[in-house]
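**Student:** got a structure for you, letters missing:
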């Protein structure tokens, strides 16, 4: 059985895997898949990120059994929006769990895992949009323009979340500029604002007409948890002030995960009350169809899958040809090809590097020998005689 390897320091892994103010706890690259599965029981800087999503997934599954026992999620068309919402929650937490579990395997796997994670986030936003516009809707909004376009707009915004977050991941390199956060947070805030509109409208009515509903407490807590999550996601607090102290436990991204877990928990509490207290109003609406529930869900999944595939191919091609520090990387392969600088241009030397301690897609750094006639690995082995190439 492949056991997890000892963790590495920040200086021992490629730049892509660095996290701000995190110094230790990085897993080695290019280990067997089973090693990363087993690493969830090992102390490292992604352990808590993985477990917080696993716990959230378990919580959603428990809620699914509760809703399954009280509502006909499959046979009753009025419950299809809720079933769609649950499916998107499950997909989100599975994709996010896998992203944090496997992202250290290689650069290509890292990019692809988080692309899938972003697709899951967009899908969850779409599912939440559907359940809020079905079960949290005030009768004043029935048949309004916003009601008529709610689901298509949510679908488009869910796809845009996937696109914008993926661009933010592939467009920039570490250390990431603040503009990357704008790509991420603007797309997420757009769909979040849209899906909360029915709830905010009812809260506005309460402020003016004092019409309190039992679900308001949970809706407000859900908004509070989401806001706190956004704060920790964007602030890098507390590790910003104590670099290296929170590498394993207490990192801001872990706190962000807990906030999103609580957001989902309070969202499900609120939806349960809206469904039980407002079932009469819900059944006054035109019954959902297979097309405008499961059909549009399939369309969003397909659109996000195409986006992930296109960006995956783009990143793979980029990694296949990128020269860094005189070394050409081969994405997804435990080999590398030397590159020589000839008249200011990197040229491939077409030689495979057999390095016993190879652990990264960034091949061991090539150095030039004292006589200038050969290229050597950091372990001193001659890779290629330069034969007059000026390096």
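**Tutor:** Yep, that arrived. Quick caveat: nothing in here was measured; it's all calculated off a predicted structure. Residues are numbered from 1 along each chain as shown.

**Student:** I'd like the average pLDDT over the helix ranked longest in the chain.
**Tutor:** Identified as the longest helix of the chain according to DSSP state H is helix 178-209. When pLDDT is averaged over helix 178-209, the result is 93.

**Student:** give me the residues contacting the very next helix or strand once past that helix.
**Tutor:** Past helix 178-209, further along toward the C-terminus, the next helix or strand under DSSP states H and E is helix 216-235. Applying Cβ atoms under 8 Å, 6 or more residues apart in numbering, the external contacts of helix 216-235 come out as 136, 181, 185, 189, 192, 196, 199, 202-203, 206, 237, 252-253, 255-256, 259-260, 262-263, 266-267, 269-270, 273. Backbone N, C-alpha and C define where each C-beta goes, glycine included.

**Student:** for ChimeraX, what selects the buried ones among these?
**Tutor:** Those of the contacts of helix 216-235 that count as buried under 16 or more other Cβ atoms under 10 Å are selected in ChimeraX with:
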select :136,185,192,196,199,202,203,252,253,255,256,259,260,262,263,266,267,269,270,273
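
**Student:** can you give me the strands for this structure?
**Tutor:** Using DSSP state E, the strands found in the chain span residues 323-324, 327-329, 336-342, 345-352, 367-368, 374-376, 382-385.

**Student:** following the record's annotation, map out the domains of this structure.
**Tutor:** 10-321, 327-385 (automatic domain parsing).

**Student:** so residue 190 makes contact with residue 158?
**Tutor:** No: under the criterion of Cβ atoms under 8 Å, residue 190 makes no contact with residue 158, lying 10.2 Å away.

**Student:** more neighbours: which of the two?
**Tutor:** Shown here are residue 190 and residue 158; by other Cβ atoms under 10 Å, residue 158 has more neighbours (30 against 17).

**Student:** list the contacts for the more buried one?
**Tutor:** Shown here is residue 158, whose contacts under the criterion Cβ under 8 Å, 6+ apart are 122, 123, 125, 126, 129, 191, 300, 304.

**Student:** can I get these in TSV with neighbour count and distance to residue 53?
**Tutor:** Supplementary listing: the contacts of residue 158 in TSV, determined by neighbours: other Cβ atoms under 10 Å; distance: Cβ to Cβ, whole Å:
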residue	neighbour count	distance to residue 53
122	31	16
123	27	15
125	28	16
126	29	19
129	27	21
191	25	20
300	23	21
304	26	18
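
**Student:** what's the farthest-apart pair in those?
**Tutor:** Spatially, the most separated pair among those is 129 and 304, at 14.5 Å (Cβ to Cβ).

**Student:** name the nearest residue to residue 137, sequence neighbours excluded.
**Tutor:** Ranked by Cβ to Cβ, 6 or more residues apart in numbering and with sequence neighbours excluded, the top spatial neighbour of residue 137 is residue 198, at 4.7 Å.

**Student:** equivalent analysis for residue 56, please.
**Tutor:** Among residues not flanking residue 56 along the chain, residue 261 sits closest, at 4.2 Å (Cβ to Cβ, 6+ apart).

**Student:** what's the neighbour count on residue 234?
**Tutor:** The local packing of residue 234 (other Cβ under 10 Å) involves 14 other residues.

**Student:** where does the stretch 201-350 of the chain dip in pLDDT?
**Tutor:** By pLDDT under 70, the weakly predicted segments of the stretch 201-350 of the chain are 322-350.

**Student:** name the nearest residue to residue 97, ignoring sequence neighbours.
**Tutor:** Distance criterion Cβ to Cβ, 6+ apart; nearest residue to residue 97, sequence neighbours excluded, is residue 53 at 4.2 Å.

**Student:** OK, contacts around the one you found?
**Tutor:** 93, 96, 97, 100, 257, 261.

**Student:** what's around residue 75, how many residues?
**Tutor:** The burial metric for residue 75, expressed as a neighbour count using other Cβ under 10 Å, is 8.

**Student:** again with residue 157
**Tutor:** 21.

**Student:** list the contacts of it.
**Tutor:** Residue 157 sits next to 122, 125, 126, 129, 187, 190, 191, 194 when contact means Cβ under 8 Å, 6+ apart.
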